[in-house]
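Novice: My questions are about this predicted structure, shown below with the sequence.
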Amino acid sequence: MHTKHHEFIAAIHAKRKLRITFYSEEDGGYLTRTCAPMDWKVGAKIKDGIPRYWVWDYDSDRGGHSLGLLAERIQAFEVLDTIFDPAEFVRWKVTNWSVARDWGAYS
């Protein structure tokens with residue numbers, strides 16, 4: 001995953017969806033999901049200090065939600081041609097993005 005970090009950041013700026021294959025401890029295996037890249041940072045509620053790739057998971061069986069993926073858990077990802085709208089998932093008033101972006105009101 002480390003070799004594709006720049007592609008993840010570029011997908012944030014271009015608002016392009018990703019297809020990500022990652023290891024899910026909860027499911028005990030690999031999952032492939034369609035996601036919107038959100039950020040690269042340490043999680044506010046996760047106290048280990050390790051930055052994660054934050055994505056919005058459109059395919060979750062629990063409805064869309066955010067995932068914080070450790071780099072070593074990501075087996076592969078592909079940048080898709082599909083554009084996402086941040087309004088689909090940004091529901092909070094104050095955004096504290098680590099990666100600066102121009103998402104209008106959602107920046």
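Specialist: Good, I have the coordinates.
Novice: Mind listing residues that contact the lowest-mean-pLDDT helix or strand in the chain?
Specialist: Within the chain, no helix or strand scores below strand 65-69, which has a mean of 92 by mean pLDDT, DSSP states H and E. The contact list for strand 65-69 (CB atoms under 8 Å, 6 or more residues apart in numbering) reads 20, 22, 33, 35, 38, 43, 46, 52-57, 89. From N, CA and C alone the C-beta is placed, and that goes for glycine too.
Novice: and the longest strand along the chain, what does it pack onto?
Specialist: Assignment by DSSP state E gives strand 29-42 as the longest strand of the chain. When contacts are defined as 3 or more CB pairs under 8 Å, 6 or more residues apart in numbering; DSSP states H and E, strand 29-42 packs onto helix 5-14, strand 16-24, strand 51-57, strand 65-69, strand 74-83.
Novice: what comes up buried for stretch 49-58?
Specialist: The neighbour-count check on stretch 49-58 (16 or more other CB atoms under 10 Å) flags 51-58 as buried.
Novice: likewise stretch 39-47?
Specialist: By 16+ other CB under 10 Å, the buried positions in stretch 39-47 come out as 39-40.
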